[in-house]
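Colleague: Build me a model:
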Amino acid sequence: MDIKLFDYKLPPELIAQKQIKPRDYSRLLVLDMARQKIAHKHFYDLPDFLTDNDVLVVNETKVFPARMLGKKISGGKVEVLLTENIKGSSWQAMIGGRNLKIGDSIYFTKGLNCQITKDIDGKSKEIKFNKTGKSLEKLIDAIGHTPIPPYIKTKDSQQIKKDYQTIYAKTRGSAAAPTAGLHFTQRILDKLDKKGVKIFKVTLHVSLGTFAPVEVEDIIKHKIHHEWASIDKKTATSLNRLKSSGKNIIAVGTTSARTLEAFADKSGQLKSGAKWVNIYIYPGYQWNFVDNLITNFHLPKSSLLFMVSALAGREFVIKAYKRAVSLKYRFFSFGDVMFITKNRWK
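Modeller: Presented below is the predicted three-dimensional model:
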């Protein structure tokens, strides 16, 4: 399947550089898969579309300051993006800096340093810090920066750290935010609760599997990096009961959707547990658990766009994206949002 089929033209000025205020004032593009109909709303309208037959599943992962700025022994600048804790003081990381090799050290402030110990795949390296445990975590929190994507040019700040976090974030571990969740406010959650919409939480720590670029022409040949995900037994049992009773399962974000599909068997039964997942969803995939999806607008030729197309159909999705561009929707992490659903209005 040719990657060019998932391309679209996006004017740079439509890439959102900051979060809209309030969060739930972002625009909401509603796609009705059954009727091939598109509607234009705002996220604060979402409760109007939902009933007590709907179940939301959100990703409660918490972003940590994974972007670290250091120096080589020569004084040259180095940028380190921590993507996965391998074990103890060893991390997988993407490193930006010239002429670095295995055995070289990178120096940060506050006495923290690391050594490059292994090449993982050419782009990622294994590094080992001179600190471990809570002391390392505190130092990362103190000197690390919010890992906002490179297309966001806004400088890091306390406001950015707050904005690039869902209001229900709990379990530390993500190198990027599950951005569909950024639109939720307590006001929205309260309205959904009053309507009888149930909300459950799963965890997937966002890493390379979510944001790594696709570098092959045939998307089927793309390999997804693994990410750590978990669903507790109580949540799995409840979701299985609700699904079997005919409730509509709405994944909030591609990370929640990937978690549910990775833990569901072909009969549609969700298993509990914690494991590395590298499920790759692209057109032709048979969905086992997810019915609907709330998701931001994704980069051209990205695995996330493949995934959205697997649910709503490539042609319909690209049509919707082109419509969004023409109407100047805001794109990507701090941008607007889509609700992919069926038969939500007469």
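Colleague: Ser230 versus the residue lying farthest from the centre of the chain, what's the distance?
Modeller: Taking Cα atoms, centre = their mean, the residue of the chain most remote from its mean C-alpha position is Ser74, at 36.2 Å. Per Cβ to Cβ, to the nearest Å, Ser74 is found 42 Å from Ser230. Backbone N, C-alpha and C define where each C-beta goes, glycine included.
Colleague: Ok, Gly284 next?
Modeller: Gly284 is 28 Å from Ser230, by Cβ to Cβ.
Colleague: now do Leu270
Modeller: According to Cβ to Cβ, Leu270 and Ser230 sit 12 Å apart.
Colleague: Which of those two has more residues huddled nearby?
Modeller: Between Leu270 and Ser230, counted using other Cβ atoms under 10 Å, the more crowded position is Leu270 (24 against 18).
Colleague: was I right about the more buried one contacting Thr259?
Modeller: No: using Cβ atoms under 8 Å, Leu270 makes no contact with Thr259, being 9.8 Å away.
Colleague: what about the strands in the stretch 101-250 of the chain?
Modeller: 105-107, 113-119, 124-129, 171-174, 198-204, 227-231, 248-252 (DSSP state E, counting those that start in this stretch).
Colleague: For my notes, please list these in CSV and give mean pLDDT for each entry.
Modeller: Formatted as CSV, those follow (pLDDT from 0 to 100):
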stretch, mean pLDDT
strand 105-107, 97
strand 113-119, 97
strand 124-129, 96
strand 171-174, 96
strand 198-204, 98
strand 227-231, 97
strand 248-252, 98
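Colleague: who wins for proximity to Asp32 among these?
Modeller: strand 248-252 (13.5 Å; Cβ to Cβ).
Colleague: what pairs with the closest one, and is each one parallel or antiparallel?
Modeller: Strand pairing for strand 248-252, using DSSP bridges, gives strand 54-59 (parallel), strand 292-296 (parallel).
Colleague: Quickly list what's touching both of Leu270 and Thr259.
Modeller: Ile231 (Cβ atoms under 8 Å, 6 or more residues apart in numbering).
Colleague: returning to what we had before: would you turn the strands paired with strand 248-252 into JSON lines with mean pLDDT?
Modeller: Listed next are the strands paired with strand 248-252 as JSON lines, based on pLDDT from 0 to 100:
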{"stretch": "strand 54-59", "mean pLDDT": "98"}
{"stretch": "strand 292-296", "mean pLDDT": "98"}
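Colleague: of all the ones you listed, which lies closest to Gly209?
Modeller: Smallest distance to Gly209 across these (Cβ to Cβ): 13.1 Å, for strand 54-59.
Colleague: I would like the residues contacting the closest one, please.
Modeller: The contact list for strand 54-59 (Cβ under 8 Å, 6+ apart) reads 166, 168, 178, 181, 184, 192, 197-204, 206, 239, 242-243, 247-253, 255-256, 259-260, 292, 294.
Colleague: hey, where'd the helices end up in the protein?
Modeller: 46-49, 133-143, 158-163, 186-194, 208-211, 233-244, 254-263, 303-312, 314-326 (DSSP state H).
Colleague: coming back round to it: can you lay out the strands paired with strand 248-252 as TSV showing distance to Ala212 and mean neighbour count?
Modeller: Below are the strands paired with strand 248-252 laid out as TSV (distance: least, Cβ to Cβ, whole Å; neighbours: other Cβ atoms under 10 Å):
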stretch	distance to Ala212	mean neighbour count
strand 54-59	18	24
strand 292-296	17	25
